[in-house]
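*Asks:* Pasted the sequence and its predicted model underneath.
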Amino acid sequence: MIGRQPFHSLVHYYNNSSLCILITLSIIYEAQKKDALAQRMLFDFYGKILFRLAKRYLINQAQTEDAVSESFYIIFKRIDSCHFIAIPPFEMWIKRIVVNECLKILRREKRFEIMTSQACENWIIDDSVIDLLSAEEIFKLIEDLPTGYRTVFNLYEIEGYTHHEIADLLGISTGTSKSQLSKAKNMLQRKIIELNPAYAKRKII
């Protein structure tokens with residue numbers, strides 16, 4: 001079984017490899033039998049995806065690597081106790097493990113703050129403004145959100161958690177979760193306007 005490995009080695013591997021891997025259920029089944037090659041294939045295929053996921057929550061490179069490394073350790077430790085009939089449930093399972101590890105780090109570092117002081121205004125943004133942004137620009141905008149906003153936004157809008165689930169995960173009320181999401185969206189909209197000053201903005205009265 002692949003144990004806790006420094007994730008920087010995986011990043012280096014991806015920067016220097018053109019290998020194309022197609023993950024199948026048979027590979028997952030072999031990994032459940034502790035087959036080292038199958039586990040390595042999962043590690044290589046999902047490593048960059050999970051790193052990107054963790055980076056949305058943690059930002060810090062070292063903490064992100066630690067979260068993904070620990071996540072893979074948990075994945076390969078628990079994989080034989082799960083039953084997967086398709087790839088999507090498996091991918092959802094491993095992503096939830098990564099999210100949980102990221103939240104553990106945020107709680108441990110006491111970096112999850114609830115933002116309450118900023119005024120919340122609503123804006124209408126032309127869809128064409130968003131269309132002009134690259135994936136990297138959108139990713140950077142999310143990264144720049146305060147930790148509380150970013151965490152709730154990621155959990156709700158990207159991972160698909162409900163406000164009730166987010167409240168349980170973060171130890172907050174569902175109302176606070178909804179408020180943080182609203183303010184996160186507002187801040188993102190403002191940042192989008194800043195990137196595209198040529199577009200007019202108008203306040204909803």
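*Replies:* Ah, there it is. The model shown is predicted, which means the values in this text are computed figures rather than measured ones.
*Asks:* which residues touch E91?
*Replies:* Each residue near E91 by Cβ atoms under 8 Å, 6 or more residues apart in numbering is listed here: Y46. Quick note: C-beta positions are derived from backbone N, CA and C, even for glycine.
*Asks:* Which pLDDT does the model give it?
*Replies:* With respect to pLDDT, E91 scores 95.
*Asks:* And the helix or strand hosting it, how far out from the chain middle?
*Replies:* E91 belongs to helix 87-108 when elements are defined using DSSP states H and E. Remark: helix 87-108 is offset 8 Å from the chain centroid, using Cα atoms, centre = their mean, to the nearest Å.
*Asks:* Just the buried positions in that helix, please.
*Replies:* Within helix 87-108, the residues that count as buried by 16 or more other Cβ atoms under 10 Å are 90, 94-95, 97-99, 101-103, 105-106.
*Asks:* before we move on, what about stretch 135-152?
*Replies:* Here stretch 135-152 shows 141-142, 145-152 as buried, counting by 16+ other Cβ under 10 Å.
*Asks:* Nearest to I192, out of those residues: which one, please.
*Replies:* Using Cβ to Cβ, L141 comes nearest to I192 of those, at 7.0 Å.
*Asks:* Output the contacting helices and strands for the helix or strand that closest one falls within.
*Replies:* Element membership for L141 (DSSP H and E) is helix 135-143. Judged by 3 or more Cβ pairs under 8 Å, 6 or more residues apart in numbering; DSSP states H and E, helix 135-143 is in contact with helix 36-58, helix 147-153, helix 174-195.
*Asks:* Please identify the most buried of these.
*Replies:* Among the helices and strands packed on helix 135-143, the stretch with the highest mean neighbour count (mean count of other Cβ atoms under 10 Å) is helix 147-153, at a mean of 23.
*Asks:* tell me the contacts of the nearest residue to V99 once chain neighbours are set aside?
*Replies:* Of all residues not flanking V99 in the chain, E159 sits nearest, at 6.2 Å (Cβ to Cβ, 6 or more residues apart in numbering). Contacts for E159 (Cβ under 8 Å, 6+ apart) come out as 95-96, 99.
*Asks:* tell me the contacts of the residue most central in space within the chain?
*Replies:* Nearest to the geometric centre of the chain sits L53, at 3.1 Å (Cα atoms, centre = their mean). Applying Cβ under 8 Å, 6+ apart, one finds that L53 lies in contact with 95, 98-99.
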